[in-house]
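S.K.: structure of the sequence below:
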Amino acid sequence: MSGNADIYHEMIIDYSRHPTNYETEDQRKLEDSFFKNTDVIFHDSNPLCGDSIDIGMKIDDNKVTDIKFSGKGCAICMACSSVLTEIAKGKSLDDVRKIEKNDILSELGLEQLQAVRIKCALLSLKVLKSALYTYLAKHLDDSQDADKLKEDAASLY
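M.R.: Model prediction:
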């Protein structure tokens, strides 16, 4: 492995062992769980490999004031979920809508990721965008805008 590949490999391992913005299943059972006080929660899974992710967001004044994820996944899924939550936290909803797959993949040196593993890497982005679209659809006055959001969510990947 080259030096950069070693660094990225170590980052993936570290994030998978010590995910950021993560709440365990045991923590979710507690009364003060982050997920019991969010503005939106969304869940999705990748049945091919067993990855299963929930993302919850607190939103104030059209800004993601806090975000966490919970679930289980492979090292790539957990690392990408951590990086994604770091990117999204503190951003406006419009900026979160603009997050793209390369924003996550490049942080971990995964731009050349094999097609078999791309769903692992992008599951959290799919969940985040779906959560955002769910939130926005509930808060839009114009039904055409809500329909457009649904179309966008359906065509993510």
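
S.K.: S155 - how many residues pack around it?
M.R.: Applying other C-beta atoms under 10 Å, we find 7 other residues in the vicinity of S155. Any C-beta I mention is one placed from the backbone N, CA and C, and that applies to glycine too.

S.K.: oops, could you answer that again for D51 instead?
M.R.: D51: 23 surrounding residues under other C-beta under 10 Å.

S.K.: quick check: closest non-adjacent residue to it.
M.R.: In this structure, D51 finds its nearest non-sequential neighbour in G73, 3.7 Å apart by C-beta to C-beta, 6 or more residues apart in numbering.

S.K.: what is the mean pLDDT for whichever strand or helix holds V127?
M.R.: Secondary structure from DSSP states H and E places V127 in helix 115-139. If you average the pLDDT over helix 115-139, you get 91.

S.K.: look up how far A131 lies from M57.
M.R.: 6 Å (C-beta to C-beta, to the nearest Å).

S.K.: can you pull out the helices in this protein?
M.R.: Using DSSP state H, the helices of the chain run over residues 3-17, 25-28, 75-88, 93-97, 101-105, 115-139, 143-154.

S.K.: what about the residue nearest to D152 when sequence neighbours are not counted, how many neighbours?
M.R.: Counting by C-beta to C-beta, 6+ apart, D152 lies nearest to Y133, which is 6.6 Å off, once chain neighbours are set aside. Using other C-beta under 10 Å, Y133 has 22 other residues around it.

S.K.: how much space separates Y133 from K58?
M.R.: Note on Y133: its distance to K58, by C-beta to C-beta, is 17 Å.

S.K.: for the residue nearest to the spatial centre of the chain, give me its contacts.
M.R.: Residue closest to the average C-alpha location in the chain (C-alpha atoms, centre = their mean): S124, at 3.2 Å. By C-beta atoms under 8 Å, 6 or more residues apart in numbering, the contact set of S124 is I53, I55, F69, C77, C80, S81, L84, T85, I104.
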